[in-house]
Structure formats: structure tokens, C-alpha cells
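Visitor: Need the 3D shape of this:
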Amino acid sequence: MASQGQDLRQQAGETLGHAQVKKDELVGQASNAAHATQDKVSEATQSAKDSSTETSEQASSFLQQTGEQMKNIAQGTAEAVKNTAQGAAEAVKNTLGMNSNNNSNNPSSNPSTRI
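Guide: All right, here's what the predicted structure looks like:
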């Protein structure tokens with residue numbers, strides 16, 4: 001009977017040893033999986049940051065270009081309005097005979113000097 005008890009203790013020791021080895025394997029696998037997941041999350045985070053920075057730079061560039069285009073359009077429009085106003089003023093002066101070019105050539109054409 002002592003031999004049977006000793007066999008049981010030996011089997012229990014072997015089973016315990018196998019269980020310890022299996023536990024160590026599983027802990028190692030879990031640790032490796034956790035590190036791999038952490039690496040993937042870190043890569044995904046960096047990729048998102050890079051993408052966000054690129055998108056922000058593109059938006060900034062687009063807004064700057066749009067602003068420059070609007071400025072150019074406004075300057076062109078202002079110039080056109082100025083030219084139109086000058087043309088209208090010259091037409092009114094010509095109609096009334098007050099144009100400075102006409103005064104030097106034909107002073108009697110100015111209605112204010114006719115009496």
C-alpha cells in the first residue's frame with residue numbers, strides 16, 4: 001500500500017508539473033497576444049495622427065487658395081466698377097459740356113460760360 005500511495009503522489013506531482021508547464025505556455029501566449037495588440041493599436045493611432053495632419057494641411061492649403069482667388073476676384077471687380085464709374089462720369093461731363101478735354105479745345109461749348 002505504501003507503494004500505491006507513493007505512485008499516487010508521483011502522478012499528482014507529474015500532473016502538477018504538466019499543469020504548471022501548460023499554465024506558463026498559456027501566460028506566454030496571452031502576453032504575446034497582448035503585445036501584438038498593443039503594437040497594432042499604436043500603429044493605428046500613429047496612422048490616424050498622420051492622416052489627420054495631412055487632411056488638416058490640405059484643408060489649410062485649400063482655404064488659402066480660395067482666399068487668394070476671392071481677393072483676386074474682388075480686386076478685378078473693384079477695378080471694373082472704378083472704370084465704369086469713371087466712364088459714366090466722363091459721359092455726363094461730355095453731355096453737359098464740362099469735360100476738361102473739351103474746355104481747352106472749345107471754351108464756348110461749356111453751358112455755364114454761355115450767357
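Visitor: Roughly how far does the spatially most central residue of the chain sit from K49?
Guide: Note on the chain: the residue nearest the mean C-alpha position is S56, at 2.2 Å, using C-alpha atoms, centre = their mean. With distances taken as C-beta to C-beta, to the nearest Å, S56 is found 11 Å from K49. All C-beta atoms are positioned from the backbone trio N, CA, C, and that covers glycine.
Visitor: what about the longest helix seen in the chain, distance to the chain center?
Guide: Longest helix of the chain, by residue count under DSSP state H: helix 2-96. Its chain's average C-alpha position is 12 Å from that of helix 2-96, according to C-alpha atoms, centre = their mean, to the nearest Å.
Visitor: what about it, average pLDDT?
Guide: Helix 2-96 shows an average pLDDT of 91 in the prediction.
Visitor: Can you name every helix or strand that it contacts?
Guide: Helix 2-96 sits against no helix or strand, with contacts defined as 3 or more C-beta pairs under 8 Å, 6 or more residues apart in numbering; DSSP states H and E.
Visitor: helix, strand or coil for M98?
Guide: coil (DSSP: H, G, I helix; E, B strand; the rest coil).
Visitor: Grab the CA positions of stretch 8-15 and hand them over as CSV.
Guide: Written as CSV, here are the backbone C-alpha positions of stretch 8-15 (Å, rounded to 0.1, in the frame of the first residue of the first chain):
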residue,chain,number,x,y,z
LEU,A,8,-0.4,8.5,-6.4
ARG,A,9,2.0,11.2,-5.1
GLN,A,10,4.2,10.8,-8.1
GLN,A,11,1.3,11.0,-10.5
ALA,A,12,0.0,14.0,-8.7
GLY,A,13,3.5,15.6,-8.9
GLU,A,14,3.6,14.9,-12.6
THR,A,15,0.1,16.3,-13.2
